[in-house]
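1. The sequence isn't on hand, but the structure is:
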């Protein structure tokens, strides 16, 4: 079984994001970039499937500018076997990413495609579901446990009320939730080894996909700031303020 | 022009989230139709027909839709959508699961998690865990939009008298089946619509200690939530998680106990009307957004808070 795992280059989760003065977006110059944390969980799951003998090959795919190769290298250092970069300078929106991934899936014919449930930059939570639609495959979104046996996948999904379990006919698209696993750190020898693993570079044109953005971003602004309030000395004062000043209890 | 609202429900009751979405739909100045996909869900359709502002309710009552599997429901939504200018759903796990699948079937982009309707095709949505607000215009003929429920007041549950029409869809796609669910069965209010929320973080030190929060929640009629750290540590189940990738809440009162205040957590609660922070670290970032803070040991302060609330009860 071949597993394809999508990895996105995003601003690191611990960086304080700043809006650009001209309101065209957020500052990315000289900002630390990392793999989307949900995609790290995806890479980890794919590697565990290979280690368990369920998967035979793990292919990491990224889409975007040339430097997305760094994100693929991170996946290769964690243990993915090879990489594919779909390179473009066009801003890629979820529907375009889903179409590009479909083209890659058509060529690679994996049995399982893993994506993060959302990217921590635009927080859309769309791409996996869109890819599943375009492929006509089942989707195991927000998965916290995956069991593959007898040609089907059992996904335990994190939903608003708790957990639900579904059985899906393979092949499937799965999106990861936080409790699926704890991603490993790449060891130094594996980082060195990853430099020799192959990355195949393609373009949207070669894949025959129109990636023109469908959503126009008019401006990006800072949200209203919340002012820090006061410290109170004790619980009695707190309860009095909540009751008499704020009127919320 | 008509707008289609996807109803969130459990086959018995219409969820409040749907009422928030109806309010967002009303701002589009169009007829509002609600689609109820489920099994033996007549009571939900009746409830949706009573919601103020709803003109028509479409009910697809079929075993294939009983658990709202995306593989079965999305083709139905995609079949209905061309008759509408917009399709709206709550940005909750059900809407997140189904809407992008339906949108992609029609080659339509989706605008997720909107907090404001600027015009019929332009919306404001938070990005980067709410650290930036983007104004986004959708250019496709049909607009697929998911709505942050805390950003829109709930429409009145009574006052409407919509017509109810039975519809049928493509049925079972044969790709997926529902095995079961482990849902929390709490007597407390739902986290996303509760008026008061009390949440615990890593500082709670164990799942057992959450009973201290539960006792206070019961005195206040509050829901109990948690930070990601507390969920990852196994103190409480995933459905408690408040934050960028968990639930977004905006109650009248949010009490954060033993939560340091990572930006990912703040993203889920900073629109609360009043925020209280209880933390032993006076430098904790949570104090920068809190209206009222107490620096101290939560294991001393929580029993005191409980006693004080009991006194005034």
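-> Arrived safely, thanks for sending. Bear in mind that the values here come from a model prediction, so they are computed numbers and not experimental data.

2. Which strands or helices does the longest helix along chain B pack on?
-> In terms of residue count, the longest helix belonging to chain B (DSSP state H) is helix B:298-312. The helices and strands touching helix B:298-312, judged by 3 or more Cβ pairs under 8 Å, 6 or more residues apart in numbering or on different chains; DSSP states H and E, are helix A:235-240, helix B:210-220, strand B:274-279. The C-beta positions use only the backbone N, C-alpha and C, and glycine is treated the same way.

3. Can you give me the neighbour number for the residue nearest to residue A:89 when sequence neighbours are not counted?
-> Nearest residue to residue A:89, sequence neighbours excluded (Cβ to Cβ, 6 or more residues apart in numbering or on different chains): residue A:65, at 5.9 Å. Look at residue A:65: counted by other Cβ atoms under 10 Å in any protein chain shown, it has 15 neighbours.

4. Repeat that for residue B:2.
-> 15.

5. For it, which residues count as its bridge partners?
-> Beta-bridge partners of residue B:2, counted by DSSP bridges, are residue B:31.

6. all strands of the stretch 51-200 of chain B, in order?
-> B:54-61, B:86-90, B:110-114, B:116-119, B:122-127, B:132-138, B:143-147, B:163-166, B:176-183, B:196-200 (DSSP state E, counting those that start in this stretch).

7. is any part of the longest strand seen in chain A close to chain B?
-> As assigned by DSSP state E, the longest strand anywhere in chain A is strand A:138-149. Yes - against chain B, strand A:138-149 shows contacts by Cβ under 8 Å from any Cβ of the partner chain at A:138-139, A:141-142, A:144.

8. Please enumerate residues in contact with that strand?
-> With contact meaning Cβ atoms under 8 Å, 6 or more residues apart in numbering or on different chains, strand A:138-149 is reached by A:1, A:45, A:49, A:54, A:112, A:117, A:128-129, A:132, A:153-159, A:163, A:166, A:168-170, A:172-180, B:70-71, B:93, B:96-97, B:101, B:175-176, B:238.

9. Stretch A:205-225 too?
-> Against stretch A:205-225 from outside (Cβ under 8 Å, 6+ apart): A:19-20, A:23-26, A:86, A:88, A:90-93, A:95-96, A:99-100, A:103-104, A:204, B:108-109, B:111, B:122, B:126-127, B:130-140.

10. Generate a PyMOL selection restricted to the buried entries among those.
-> The buried subset of the contacts of stretch A:205-225, as determined by 16 or more other Cβ atoms under 10 Å in any protein chain shown, is captured in PyMOL by this line:
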select buried, (chain A and resi 19+26+86+88+92+93+95+96+99+100+103+104+204) or (chain B and resi 108+109+111+122+126+127+130+131+132+133+134+135+136+137+138+140)
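
11. Burial check on residue 210, number of neighbours?
-> In the absence of a named chain, chain A is used. By other Cβ under 10 Å, the residues close to residue A:210 number 8.

12. Oops, wrong one, chain B.
-> 22.

13. one step back: kindly present the strands of the stretch 51-200 of chain B as TSV, with separate columns for distance to residue B:24 and mean pLDDT.
-> What follows is these, written out as TSV (distance: least, Cβ to Cβ, whole Å; pLDDT from 0 to 100):
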stretch	distance to residue B:24	mean pLDDT
strand B:54-61	13	98
strand B:86-90	6	98
strand B:110-114	7	98
strand B:116-119	6	98
strand B:122-127	9	98
strand B:132-138	14	98
strand B:143-147	5	98
strand B:163-166	22	98
strand B:176-183	26	96
strand B:196-200	22	98
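
14. want to throw those into CSV with distance to chain A?
-> Converted to CSV, the strands of the stretch 51-200 of chain B look like this (distance: least, Cβ to the nearest Cβ, whole Å):
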stretch, distance to chain A
strand B:54-61, 19
strand B:86-90, 9
strand B:110-114, 5
strand B:116-119, 9
strand B:122-127, 5
strand B:132-138, 4
strand B:143-147, 8
strand B:163-166, 26
strand B:176-183, 4
strand B:196-200, 7
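
15. Let me know which of these is the nearest to residue B:10.
-> Nearest to residue B:10 among the strands of the stretch 51-200 of chain B is strand B:176-183 (8.9 Å), distances taken as Cβ to Cβ.

16. Buried ones in the closest one, by neighbour count?
-> Buried, per 16+ other Cβ under 10 Å, within strand B:176-183: B:176-177, B:181.

17. same deal with stretch B:193-204?
-> So for stretch B:193-204, counting by 16+ other Cβ under 10 Å, buried means B:193-194, B:196-204.
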